[in-house]
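K.L.:
structure of the sequence below:
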Amino acid sequence: MTAVVIVHGLYHRPEHFAVVAEGLRADGTEVAVPELHRGSLVADTAAVQAVVDALPEPPVVLGHSYGGSVITGVRGAAHLVYLAAFVLDTGESAAGLGGASQQLKDAIVAEPNGSTTLHPGLAIDTLYGDCPEPLAARAVGLLRTQAPGCGRGVPQHHSWKETPSTYVICAQDRAIDPGLQRTMASRCTEAREWQTGHSPFVGQPDLVVELLRELLPARISPRRNQEATTTR
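P.N.:
Okay, the predicted model is just below:
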């Protein structure tokens, strides 16, 4: 069975995807969730590329939020999954496309060394507002400091142009405008829309597990810009 590589977003850690990873591993699927925060999009992309290259066959690669910028530059995936994530074209960056919503920007706290953190009280509503309170509180507690500049990185390769891809629009997202997500989704092979906030892997991890299980057999047609009708 094809492996899955999960790429988290800014401020997040692999632990945020622990329930998703456990659900897939229960089926015998190999799952890798590399740690980012290498200081730049180039470095983060190289770290994920090394994980993909070490696998015996092309994996399904999921990127969440900023993780979409990363997986855009990664070669060798069997299928790309953009979960409320950035699908960048030539010369584009996440920040240049509009990046964070004003609500997310209001939650960002600048540190004296140039790094940033998220205000816990504001982050919980912005990132996990639709999640059960205990899960949201745990997720906020896992958030970490972010080095500056990653959101301004520009991918040097655009894998979605030659690799089958699925975009998941999170219609109740308060961190990345769902309208922007729909625009980026038009670049992918297919799009789906879930009635969730920014982080379904916290509040409804089974949705993510089920999607990845479906894509593991590579049942998605490579035809570009196919409109999917599945809505949750």
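K.L.:
can you count the residues close to residue 28?
P.N.:
For residue 28, the count of nearby residues is 7 (other CB atoms under 10 Å). For the C-beta atoms, the positions are set from N, CA and C on the backbone; glycine is no exception.
K.L.:
do you know how far the residue nearest to residue 149 when sequence neighbours are not counted is from residue 169?
P.N.:
Excluding its sequence neighbours, the residue lying closest to residue 149 (CB to CB, 6 or more residues apart in numbering) is residue 40, at 6.3 Å. According to CB to CB, to the nearest Å, residue 40 stands 28 Å off from residue 169.
K.L.:
wait, isn't the residue nearest to residue 149 in contact with residue 152?
P.N.:
No - between residue 40 and residue 152 there is no contact under CB atoms under 8 Å: 9.3 Å.
K.L.:
okay, residue 40 and residue 169: which has more neighbours?
P.N.:
residue 169 (23 against 14).
K.L.:
how about the contacts made by the residue nearest the centre of the chain?
P.N.:
Nearest to the mean C-alpha position of the chain, counting by CA atoms, centre = their mean, stands residue 64 at 0.8 Å. Counting by CB atoms under 8 Å, 6 or more residues apart in numbering, residue 64 makes contact with 6-9, 12, 83-85, 199, 201.
K.L.:
cool, and residue 99?
P.N.:
Going by CB under 8 Å, 6+ apart, residue 99 touches 151, 176.
K.L.:
so which strand or helix has it?
P.N.:
Per DSSP states H and E: residue 99 is located in neither a helix nor a strand.
K.L.:
same check, this time on the one 4 residues further on
P.N.:
Element membership for residue 103 (DSSP H and E) is helix 102-107.
K.L.:
helix or strand right after that helix?
P.N.:
Reading on from helix 102-107 to the C-terminus, the next helix or strand found by DSSP H and E is strand 108-110.
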